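A.B. asks: Requesting a structural model of the entry that follows:
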Amino acid sequence: EGVLQRKLFCFGLGYTALGLISTLQKQGWEVAGTCREPEKQEVLQARGIKAYLYNDETLLDSFNQALVGTTHVLVSIPPAGESDMVVDSYQY
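C.D. replies: Residues are numbered from 1 along each chain as shown. Take a look at the predicted model:
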């Protein structure tokens with residue numbers, strides 16, 4: 001009997017998302033997501049999180065590649081006024 005590989009992709013690897021990720025990693029989940037700063041990207045990758053830069057100026061160029069194998073998606077980026085950065089960028 002095969003074990004289902006679970007992968008979470010999180011738009012916005014902030015405080016709340018990282019709390020969830022810490023728990024999921026202990027349960028064997030693969031985790032990836034976005035952050036705004038290269039320094040934070042390095043710290044996250046050292047924790048076993050595949051981190052992609054994503055901010056107002058830099059859209060996630062490899063969006064489709066980043067989501068390969070993803071079974072769950074969490075949007076943890078707060079909206080800017082009445083705009084949702086993720087929905088506005090990737091209307092699907």
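A.B. asks: Could you use CA atoms for every contact and neighbour count after this?
C.D. replies: OK.
A.B. asks: what's the residue closest to the geometric middle of the protein?
C.D. replies: Gly33 (1.7 Å; CA atoms, centre = their mean).
A.B. asks: so what pLDDT did that one get?
C.D. replies: On the pLDDT scale, Gly33 is placed at 94.
A.B. asks: bridging residues for it?
C.D. replies: Cys10, Ala51 (DSSP bridges).
A.B. asks: do the same with His72
C.D. replies: Leu8.
A.B. asks: Tell me if I'm right that it and Lys7 touch.
C.D. replies: Yes: with contacts counted by CA atoms under 8 Å, His72 reaches Lys7, the gap being 6.2 Å.
A.B. asks: quick one, which of the two is more surrounded?
C.D. replies: Lys7 (20 against 12; other CA atoms under 10 Å).
A.B. asks: Show me where the protein has its helices.
C.D. replies: All helices of the chain, identified by DSSP state H, fall at 15-26, 38-46, 63-66, 85-89.
A.B. asks: out of those helices, which comes closest to Ser76?
C.D. replies: Of all those, helix 15-26 sits nearest to Ser76, with 6.7 Å by CA to CA.
A.B. asks: Now for Asp84: which residues touch it?
C.D. replies: Counting by CA atoms under 8 Å, 6 or more residues apart in numbering, Asp84 touches Pro78.
A.B. asks: how about it, phi and psi?
C.D. replies: The phi and psi torsions at Asp84 (degrees, to the nearest 10) take the values phi -110, psi 110.
A.B. asks: that older thread, just checking, the residue nearest to the centre of the chain touches Gln45?
C.D. replies: No: counting by CA under 8 Å, Gly33 stays clear of Gln45, with 10.3 Å between them.
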